[in-house]
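Chemist: Structure of the sequence below:
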Amino acid sequence: PVNKREYGPGQHGQRRKGKLSDFGLQLRAKQKLKGHYGDVSEKQFRKVYEEADRRKGDTSENLIGLLESRLDAVVY
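Modeler: Predicted coordinates:
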């Protein structure tokens, strides 16, 4: 590819994509986390998040710690 363009092919390829909203950014981050830990279901992820929120300290660190300690994540 000598002339690699930054847009997709076709008639509408040069349209600019808008910036993601705050919700979109949070959703992307959540999906990334869920996929990284073996595609955890939404229900399981919500339970793990609620447990992390109940514990003392930083919720995000607690969440990652709980996800890391899951047996399927250790085996996966």
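Chemist: Flag the shaky bits of this structure, pLDDT-wise.
Modeler: Low-confidence segments of the chain (pLDDT under 70): 1, 73-74, 76.
Chemist: Next, count neighbours for residue 64.
Modeler: 15 (other CB atoms under 10 Å). C-beta coordinates here come from the backbone N, C-alpha and C atoms, glycine included.
Chemist: could you say what helices and strands the one helix or strand it maps to packs with?
Modeler: Assigned by DSSP states H and E, residue 64 belongs to helix 59-69. Helices and strands touching helix 59-69, as assessed by 3 or more CB pairs under 8 Å, 6 or more residues apart in numbering; DSSP states H and E, comprise helix 42-54.
Chemist: let's go with 10 Å and repeat that
Modeler: helix 22-36, helix 42-54, helix 71-75 (3 or more CB pairs under 10 Å, 6 or more residues apart in numbering; DSSP states H and E).
Chemist: how about those in TSV, adding mean neighbour count and distance to residue 16?
Modeler: Formatted as TSV, the helices and strands packed on helix 59-69 follow (neighbours: other CB atoms under 10 Å; distance: least, CB to CB, whole Å):
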stretch	mean neighbour count	distance to residue 16
helix 22-36	11	16
helix 42-54	13	32
helix 71-75	10	38
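Chemist: Ok, which of these comes nearest residue 63?
Modeler: helix 42-54 (4.0 Å; CB to CB).
Chemist: what about residue 59, how many residues close to it?
Modeler: Number of residues near residue 59 (other CB under 10 Å) recorded here: 13.
Chemist: Can you tell me how far it is from residue 19?
Modeler: From residue 59 across to residue 19, the span is 26 Å (CB to CB, to the nearest Å).
Chemist: what's in contact with stretch 33-53?
Modeler: Here stretch 33-53 makes contact (CB atoms under 10 Å, 6 or more residues apart in numbering) with 30-31, 58-70, 72-76.
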